[in-house]
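Novice: just the structure for this:
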Amino acid sequence: MCIRDSINAEYGPFCFLFFLTTHPSTMANMMQPTIILLRDGVDTSQGKAQLISNINACNAIVDTVRTTLGPRGTDKLIYKDGGSVVISNDGATIMKELDIVHPAALTLVEIAKSQDAEIGDGTTSVVLLAGEFMREAKPFIEEGVHPQLIIKAYRRACLLAKEKLKELSVSADPANKEEGRQLLERCAQTSLNSKLIARQKQHFGKIVVDAVLHLDDDLDLNMIGIKKEPGGSLEESFLIEGVGFKKTFSYAGFEQQPKQFLLPKILLLNLELELKAEKENAELKIESVEKYQSMVDAEWDIIYSKLDAIVKSGAKIILSQLPIGDLATQYFADRDIFCAGRVTNEDLNRVAKATGGSVQTTVTDLIPSVLGSCARFEERQIGAQRYNLFTGCPEAKSVTIILRGGGEQFNDEAERSIHDAIMVVRRARKFKSVVAGGGAIEMELSKYLRQYSRSIQGKEQLIINSFAKALEIIPRQLSENAGFDSTDILDKLRQAHFQGGKWFGVDIANEGICDTFDRFVWEPAVVKLNSIGAATEAACLILSVDETIKQKKDDPSMPMPGRPGRR
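Specialist: Residues are numbered from 1 along each chain as shown. So this is what the prediction gives:
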């Protein structure tokens, strides 16, 4: 007889229920508490499905920018809520302007920003490579391969690719200065090939190289200023070996001031030289007219004492970040001194570094060491604006690029293009090694990794082979954006590289393949090194995430779990 029957026979059926509810082991199973880890409303997603969802989101972003790659890449027009319009084919600019909210896709935005800040070029390439690495990893995830195996193989493949790239790179440190200059110009022109100003790449290539070569050995990018002046043609853009900025707001007495100086002393201020009425700053009770007049006289004495101190310092050019009023403007004009107020912080700092002056917040102790100097100062008419130009600066070499052109959006994109070219030339001058562009280096690295994958066993062989296949996205996309048959182009490239043509890439001009190194399509090796490394790390980061938790914003009216609510 079972326990239940014996209890029912002796005590009745209700006693068995009492036995179950009071027995310790039974109570432990029936009274398990519910464990609450996350507050109500928090969204969680995990597992293989979440990982694939992150990969799909990243590939959706990649599809947005892939058509901008290369000399025949298209532009994107981004219209924002405020009514402003951005037209660009720069990968970093597009990624920053897009309002991306997906947490995994934001990783691609960060690597594009990093590439732009560190190198200046290759921002579209790094996003494309990262997306293709994840696309190639997706089938392995779906078939149940652990993400950590993929990450390990990807990092190994990345290390091998970097070592091979350094081995393939060509040293670009010629003893002849003219040859070195030609090399830098070719790097600049390669960067400008895919930009809006590609037709003027020779003109701007010379300007960019002149700007970088004029810098000191530290290659401080802040010493290169780019000023946009609408009107005219792009060919009218030119370089000034010195600091230049637009004429600031001025009063009537400004026109009486001299506009040219030789070897002038320059005083830089962060001080307001303007007479202020007392009612704007304080409320005072005055018993007589004489006291009021004494206060007014004191204010005049204060401003005149400041102006006298400035004149006694010997400075002939006064620049201030704050306004210089009509009284001070006329005072300086009567003494053949030039002044400009409301100078931007960026321009004032460039003048300070170039001339050796220091920005002063008071005029009580103006010793000669705080004054700057230059060989020549002049105010020149450029287009519809007048510019203040400082040339022959002794302390730090500085240049200013005056960019002419059409509309505002066009000039903004031209400025971004020149900035990218400057960064490329700056890196080429510093690291002195180049590789061929046009997808040639990616095809050679792909061939090398395919050969290496045949020498190892296991799942890593297939994953490294997929990494090699992903590198081919660069020549493939270059072909597609130019309207070519990408399958035919890639077949020819694989054959050429198999036969030993390590510098063969896409020939955009003739719809085929060519030795891009002989065609002077050169890129600094550091651009490719950084692109491959950043793209691999971004892909590994996405592959290592298996759960996404979306926190809900705090609501003060909702009680926390386990905590009594407000009454």
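Novice: ranges for the strands of the stretch 51-200 of the chain?
Specialist: 76-79, 85-88, 170-171 (DSSP state E, counting those that start in this stretch).
Novice: which one, of these, ends up nearest to residue 298?
Specialist: For the strands of the stretch 51-200 of the chain, the distance to residue 298 is smallest for strand 85-88, at 52.5 Å, taking C-beta to C-beta. C-beta here means a position set from N, CA and C on the backbone, and glycine is covered the same way.
Novice: and that closest one, which residues are buried?
Specialist: By neighbour count, and taking 16 or more other C-beta atoms under 10 Å as the criterion, the buried residues in strand 85-88 are 86, 87, 88.
Novice: give the contact list for the second one.
Specialist: Residue 87 is in contact with 75, 76, 77, 78, 409, 410, 413, counting by C-beta atoms under 8 Å, 6 or more residues apart in numbering.
Novice: that one pairs with what?
Specialist: The residues listed as beta-bridge partners of residue 87 by DSSP bridges are residue 77.
Novice: about what we covered before: pull out the buried members of the contacts of residue 87.
Specialist: So, of the contacts of residue 87, 75, 76, 78, 409, 410, 413 end up buried under the neighbour-count rule (16+ other C-beta under 10 Å).
Novice: including distance to residue 437, could those residues go into CSV?
Specialist: CSV is the format used below for the buried ones among the contacts of residue 87 (distance: C-beta to C-beta, whole Å):
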residue, distance to residue 437
75, 20
76, 22
78, 27
409, 27
410, 25
413, 21
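Novice: least confident pick among those residues?
Specialist: In terms of pLDDT, the least confident member of these is residue 409, at 79.
Novice: which positions in the helix or strand that contains it come out as buried?
Specialist: Secondary-structure assignment from DSSP states H and E places residue 409 in helix 408-431. Buried positions in helix 408-431, judged by neighbour count with 16+ other C-beta under 10 Å: 409-429, 431.
Novice: what about this structure, any weak spots by pLDDT?
Specialist: Low-confidence segments of the chain, defined by pLDDT under 70, are located at 1-47, 173-175, 276-284, 550-567.
Novice: give the buried residues for stretch 293-304.
Specialist: Residues residue 303 are the ones in stretch 293-304 that count as buried (16+ other C-beta under 10 Å).
Novice: how about stretch 540-548?
Specialist: With burial defined by 16+ other C-beta under 10 Å, the residues of stretch 540-548 counted as buried are 540, 541, 542, 543, 548.
Novice: distance between the ends of it?
Specialist: From the first residue to the last, stretch 540-548 extends over 16 Å; the measure is C-alpha to C-alpha, to the nearest Å.
Novice: cool, stretch 358-366 as well?
Specialist: Its start and end residues considered, stretch 358-366 measures 11 Å (C-alpha to C-alpha).
Novice: do stretch 352-365 as well
Specialist: Counting by C-alpha to C-alpha, you get 18 Å between the two ends of stretch 352-365.
Novice: from the contact counts, what lies against the helix holding residue 409?
Specialist: Here helix 408-431 touches strand 85-88, helix 177-192, helix 201-213, strand 224-230, strand 399-405, strand 522-524, helix 525-543, going by 3 or more C-beta pairs under 8 Å, 6 or more residues apart in numbering; DSSP states H and E.
Novice: redo those as a markdown table? Include distance to residue 511.
Specialist: Listed next are the helices and strands packed on helix 408-431 as a markdown table, based on distance: least, C-beta to C-beta, whole Å:
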| stretch | distance to residue 511 |
| --- | --- |
| strand 85-88 | 27 |
| helix 177-192 | 19 |
| helix 201-213 | 21 |
| strand 224-230 | 36 |
| strand 399-405 | 31 |
| strand 522-524 | 22 |
| helix 525-543 | 25 |
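Novice: of all these, which one is nearest residue 132?
Specialist: When those are compared (using C-beta to C-beta), the closest one is helix 525-543, at 8.3 Å.
Novice: partners of whatever helix or strand comes next after the closest one, with directions?
Specialist: Scanning forward in sequence from helix 525-543 by DSSP H and E, the next helix or strand is strand 547-550. Strand pairing for strand 547-550, determined by DSSP bridges: strand 43-46 (antiparallel).
Novice: what is the burial count for residue 462?
Specialist: A count of nearby residues for residue 462, using other C-beta atoms under 10 Å, gives 15.
Novice: now residue 480
Specialist: Under the neighbour criterion other C-beta under 10 Å, residue 480 is assigned a count of 19.
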